[in-house]
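Q: my questions concern the predicted model and sequence given below.
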Amino acid sequence: MTAATAPPAPGRKGAGPRRRSVAGPLFVAPFLILFLLLFLTPLGYAAYLSLFQERLVGGTVFVGLDNYVTALTDPLLLSGVGRVALFFLIQVPLMLALALGFALALDSGLLRLARVIRLGIFVPYAVPSVVAALMWGYLYGPDFGPFAQLSREIGIPAPNFLSDGWMLSSLANVVTWEFVGYNMIILYAALRTIPHELYEAAAMDGAGPWRIARSIKLPALKPALLLTLLFSVIGSFQLFNEPNLLMKIAPDVISSSYTANLYAYSLAFTGQQVNYAATVSFLLGLVIVIASYGVLLTANRRRTP
Amino acid sequence: MTMTTPADTTAARRTERKHTPAPPPRRRSRSRRSTPLTIAMLAALAYFLLPLLWLLVASTKNTQDLFDSFGLWFSHAPQLLTNVRATFAQDGGVFAHWLLNTALYAGVSAVGAALLAAAAGYGFAKFRFRGDRLAFNLVLGAIMVPATALAIPTYLLFANVGLVNTPWAVILPSLVNPFGLYLMRVYAADAVPDSLLEAARIDGAGEARIFFGIVLRLLAPGLVTVLLFTLVATWNNYFLPLIMLNNPNLYPITVGLSSWAEQAQNGGAGASSDMLPLVVTGSLISIVPLVAAFLLLQRYWQSGLAAGSVKQ
């Protein structure tokens, strides 16, 4: 480098490490333009459409917040949102507890075959949810699913995983199978960034592995746990792929309004109720944003007691 | 910022970084290994891998054997190659179309999204300009807006401008990855030393040359992370292409397979129940490329994830 011979760049004051120049806006412009066109515009368009209604007489008319009033008292939408909320409350804690346990076990250094186990648990993440749902649908099935086959051998009737009583648990199992590994990897990656000297100092003070996990690792994992929790809120509330596929093998159990997102889809494409579908989409997005901020606020309040 | 730099992670340690001295390797004596814990984790591993074993075994069977032989073991006449051939021959070879479409949509989306996120992340991390904080916070807030809540409005919008039923309908929405931008900003703040940028500028290098010649290389692990995760998201995407496309020749593999699954289901025990082995074999084929990509590129995405997951 010939840095010593060049004149110092003029006009720069001590404005921190970041630089003022026209290059900055140019670097962020492509992303921001697409963000505006493909993120904010659809959002605004949904909000706009939700204020109108298509009527047999008079065509499309402005109705103000009528669609929202309809939606908030729509039993199909409310039951769909209620179902995904229940799904969230049961499936997400289970999934994150498993992911956390696996990550801590992998990081403890107590495992043989740790690499194989880590990658093996992660592999389902690379399986498309369509394939995961199809595969588990066949596994659950009464004809050639291994559970049914085994129970026929033993003579004990297998539970009907695709029945009304079991369906939500069966869906939760598919989603857990898909995403434990992903969450585990995020938590594990965060664990690996904890300076190793901390463990040595704690061990010197007589702390065992459990104590180290509780007093050093868990607090350090908080941001990563929060991140996985946020992703899980977003994923749960927009549940669509798995129920939409299992619907094909259990149409009597999963209705077209089983989850809120399934309902929005069937409104738009089966019912052709574009304006109402936009309202439901918009409301669903709002529910998710509120739930996410709820999670963030709760976590932040706990962090500073 | 209480966390360490991404360079401290094991994975990044293996890549060439001259400036950070490698931390001492973890000491793990053989006597500390725990057999009960290992057995418990192997049991967990079985839960995650047995369904895939079932898929592999089922891909070697014809319809009759699927029903008659035990699911987790091979029948007396395995016929994986016959099934693969039948899968590619069905409906005039449409399955190969689906694979190529998926690769195209996922590849273009992933490369595009990673480059856009890298440029913007670098711009936000290393430059100051009017409204930078507002713009970044706006994108940050968008992380929480679910893609599927946007999908139906995007469809309605695209229908107005004639973009539905084209590859762009699937690619364009996948190019904007707010979380990718966040990750790249965090990554760029640490991985790109200001002194290096200053030196390059003093040497007279233009901003574009600095970005493409120096910065992109420093951002490689973060870039690969965003690339891989966008690749997976697009490869696995079902909702968006389901909405946007109705020409079977444009389907990606997910929509195609689900349409076959529906045929297999409706066919019952009749002639089209021969669809069942095709759905199973097609499913197996569709997961091979992604699993391979993840296994081959693991050291990159693991270090990239580490950077993004510890900073809030």
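A: Everything's here; your move. Numbers count the residues shown, from 1 in each chain, chains lettered A, B, ... in the order given.
Q: how about the helices in the stretch 151-300 of chain B?
A: For the stretch 151-300 of chain B, the helices defined by DSSP state H, counting those that start in this stretch occupy B:167-175, B:178-191, B:194-202, B:207-210, B:216-218, B:220-235, B:239-244, B:253-267, B:275-296, B:298-310.
Q: distance check, the residue lying closest to A:A207 once chain neighbours are set aside against chain B.
A: Nearest non-adjacent residue to A:A207, counting by C-beta to C-beta, 6 or more residues apart in numbering or on different chains: A:S215, 7.0 Å away. Where C-beta positions appear, they are placed from N, C-alpha and C, glycine not excepted. A:S215 is 16 Å from chain B, where distance means C-beta to the nearest C-beta, to the nearest Å.
Q: A:Y199 is in contact with A:S215, correct?
A: No - using C-beta atoms under 8 Å, A:S215 is not in contact with A:Y199; the gap is 10.8 Å.
Q: where does chain B have low pLDDT?
A: Residue ranges of chain B with pLDDT under 70: B:1-31, B:267-273, B:303-312.
Q: if we go to 50?
A: In the predicted model, chain B carries pLDDT under 50 at residues B:1-24, B:27-30, B:269-271, B:310-312.
Q: for the stretch 51-200 of chain A, same thing?
A: For the stretch 51-200 of chain A, counting by pLDDT under 50, not a single residue falls below.
Q: tell me the contacts of residue 154?
A: Picked chain A for this. Counting by C-beta atoms under 8 Å, 6 or more residues apart in numbering or on different chains, A:I154 touches no other residue.
Q: chain B, not that one
A: Taking C-beta under 8 Å, 6+ apart as the criterion, B:T154 is in contact with A:38, A:42, B:173, B:240.
Q: next, count neighbours for the second one.
A: Residues near A:P42, counting by other C-beta atoms under 10 Å in any protein chain shown, number 24.
Q: kindly report the same for the one 10 residues further on.
A: A count of nearby residues for A:F52, using other C-beta under 10 Å, gives 19.
Q: spatially central, which residue of the chain would that be?
A: With no chain named, the answer covers chain A. Among the residues of chain A, the one closest to the centroid is A:G235, at 2.7 Å (C-alpha atoms, centre = their mean).
Q: meant chain B actually
A: B:V232 (1.9 Å).
Q: which SSE is the closest residue to chain B within the stretch 201-305 of chain A in?
A: Residue of the stretch 201-305 of chain A nearest chain B, by C-beta to the nearest C-beta: A:G285 (3.6 Å). In this assignment (DSSP states H and E), A:G285 forms part of helix A:274-303.
Q: in stretch A:123-131, which residues are buried?
A: Judged by neighbour count (16 or more other C-beta atoms under 10 Å in any protein chain shown), stretch A:123-131 contains these buried residues: A:123-131.
Q: can you check stretch B:162-175 too?
A: For stretch B:162-175, a neighbour-count test (16+ other C-beta under 10 Å) marks B:163-164, B:167, B:169-175 as buried.
Q: just the C-alphas of it, formatted as PDB.
A: Taking Å, rounded to 0.1, in the frame of the first residue of the first chain, the C-alpha atoms of stretch B:162-175 are listed here in PDB:
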ATOM      1  CA  GLY B 162     -49.600  -8.800 -16.100                       C
ATOM      2  CA  LEU B 163     -46.800 -10.400 -14.100                       C
ATOM      3  CA  VAL B 164     -48.800 -13.400 -12.800                       C
ATOM      4  CA  ASN B 165     -48.000 -16.700 -14.500                       C
ATOM      5  CA  THR B 166     -44.500 -15.700 -15.300                       C
ATOM      6  CA  PRO B 167     -41.200 -16.700 -13.500                       C
ATOM      7  CA  TRP B 168     -40.900 -13.100 -12.300                       C
ATOM      8  CA  ALA B 169     -44.000 -13.500 -10.100                       C
ATOM      9  CA  VAL B 170     -42.000 -16.000  -8.000                       C
ATOM     10  CA  ILE B 171     -38.500 -14.400  -8.300                       C
ATOM     11  CA  LEU B 172     -39.200 -10.700  -7.600                       C
ATOM     12  CA  PRO B 173     -40.900 -11.100  -4.200                       C
ATOM     13  CA  SER B 174     -38.000 -13.400  -3.100                       C
ATOM     14  CA  LEU B 175     -35.400 -10.800  -3.800                       C
END
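Q: just the angle for the host helix or strand of A:V92 relative to helix A:274-303, thanks.
A: With secondary structure defined by DSSP H and E, A:V92 is part of helix A:75-107. If you take axes from the mean of the first three to the mean of the last three C-alpha atoms, to 10 degrees, helix A:75-107 sits at 40 degrees to helix A:274-303.
Q: helices or strands next to helix A:75-107 in the packing?
A: helix A:114-122, helix A:167-192, helix A:218-237, helix A:260-269, helix A:274-303, helix B:35-58 (3 or more C-beta pairs under 8 Å, 6 or more residues apart in numbering or on different chains; DSSP states H and E).
Q: just want the angle from that helix to helix A:167-192.
A: When the same axes, to 10 degrees is applied, the directions of helix A:75-107 and helix A:167-192 differ by 40 degrees.
Q: quick check: buried residues in helix A:75-107?
A: In helix A:75-107, counting by 16+ other C-beta under 10 Å, buried: A:76-77, A:80-81, A:83-84, A:87-88, A:91-92, A:95-96, A:98-107.
Q: what's the local residue count around A:D205?
A: Using other C-beta under 10 Å: A:D205 sits among 8 other residues.
Q: my read is that A:A264 contacts A:A277, right?
A: Yes - at 5.4 Å, A:A264 counts as touching A:A277 under the criterion of C-beta under 8 Å.
Q: who has more neighbours, these two?
A: A:A264 (29 against 26).
Q: spit out the contact partners of the more buried one.
A: Residues in contact with A:A264, defined by C-beta under 8 Å, 6+ apart, are A:277, A:280-281, A:284, B:149, B:152.
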